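Engineer: Sharing a model that was predicted from the sequence below.
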Amino acid sequence: MAIEFYTWNTPNGRKISVALEEMDLPYTVRTVNIGEGEQFAESFLKISPNNKIPAIVDPDGPGGAPISVFESGAILLYLGEKTGKFLPKDLRERIPVLEWLMFQMGGFGPMPGQVHHYLGLENEADRRYGLERYSKETHRLYGVMDRRLAGRAFFADNLSIADFAIIGWAWRHERHKVDLAEFPNVRRWYDTMMARPAVKRGFEVTLN
């Protein structure tokens, strides 16, 4: 049975569409228009207590019973466990996947997200401080990623859910005002990821 995928066209939503395509899981998109406040509907609150997209409902959850999962990182971990794909069983191999997944969740998402926010402000005085602060941190994070990718194809050596998490936000690098030419290892990884057929499908599927 198809997974119900509640989402909107955002970096966090794209992480999951990419993962679902890479894992070859059937899914049905249920759009949640966050611009219209649909994330605050009682029906959505039941599966996403924080009123954030994405969320999923898997009718074939553990033990064959339905389960709902919210928070994109938790969804990626769940899907990796469910399929046995892109999430190593061996603890030593799993650790870097978890590290870089948490890197994305805690930094490379919240920081460029603040850049998006301050870019949208009309008052220049309000914009200036926030853009300087968060743009500097966003560029630092790209530098961290560039160093990590020196001499390796993916963040945890093999393709993993960490790459799916990070590509969702790297997809918006132009909106972050980041030129990937400054980060050649990230550029190489980004081009490799975006050339994958399943990743292409994950970005092409309509989420709004």
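Structural biologist: Looks like it arrived, so ask away.
Engineer: State which helix of this protein is the longest.
Structural biologist: For the chain, the helix that runs over the most residues, judged by DSSP state H, is helix 124-148.
Engineer: how distant is the helix or strand following it from the center of its chain?
Structural biologist: Using DSSP states H and E, the helix or strand that follows helix 124-148 in sequence is helix 161-170. Mean C-alpha position of helix 161-170 versus that of the full chain (C-alpha atoms, centre = their mean, to the nearest Å) differs by 5 Å.
Engineer: Check stretch 88-98 too.
Structural biologist: Counting by C-alpha atoms, centre = their mean, stretch 88-98 comes out at 19 Å from the chain centroid.
Engineer: what does stretch 140-153 give?
Structural biologist: 17 Å.
Engineer: Same question for that stretch: list its buried residues.
Structural biologist: 141-142, 145-146, 148-149 (16 or more other C-beta atoms under 10 Å). To be clear about C-beta, it is placed using only N, CA and C from the backbone, and glycine gets the same treatment.
Engineer: contact partners of it?
Structural biologist: Applying C-beta atoms under 8 Å, 6 or more residues apart in numbering, the contact partners of stretch 140-153 are 100, 103, 107-108, 111-112, 155, 159, 166, 173, 178, 182-186, 188-189, 192.
Engineer: Sort out for me which of the residues you listed are in helices.
Structural biologist: Among the contacts of stretch 140-153, DSSP H puts 100, 103, 111-112, 166, 184-186, 188-189, 192 in helices.
Engineer: In terms of distance to Q39, which of those ranks first?
Structural biologist: Using C-beta to C-beta, P112 comes nearest to Q39 of the ones in helices among the contacts of stretch 140-153, at 20.6 Å.
Engineer: The closest one and W171 touch, don't they?
Structural biologist: No: counting by C-beta atoms under 8 Å, P112 does not reach W171; the two are 10.6 Å apart.
Engineer: Looking at these two, which is more packed in?
Structural biologist: Shown here are P112 and W171; by other C-beta atoms under 10 Å, P112 has more neighbours (26 against 19).
Engineer: gap between that one and R175?
Structural biologist: 8 Å (C-beta to C-beta, to the nearest Å).
Engineer: In ChimeraX, how would I select just the buried ones from the contacts of stretch 140-153?
Structural biologist: To isolate the buried members of the contacts of stretch 140-153 in ChimeraX, using 16+ other C-beta under 10 Å:
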select :100,103,107,108,111,112,155,159,166,173,178,183,185,186,189
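Engineer: count of neighbours near the residue lying closest to I67 once chain neighbours are set aside?
Structural biologist: Nearest residue to I67, sequence neighbours excluded (C-beta to C-beta, 6 or more residues apart in numbering): G61, at 3.1 Å. Other residues near G61 number 16, with proximity taken as other C-beta under 10 Å.
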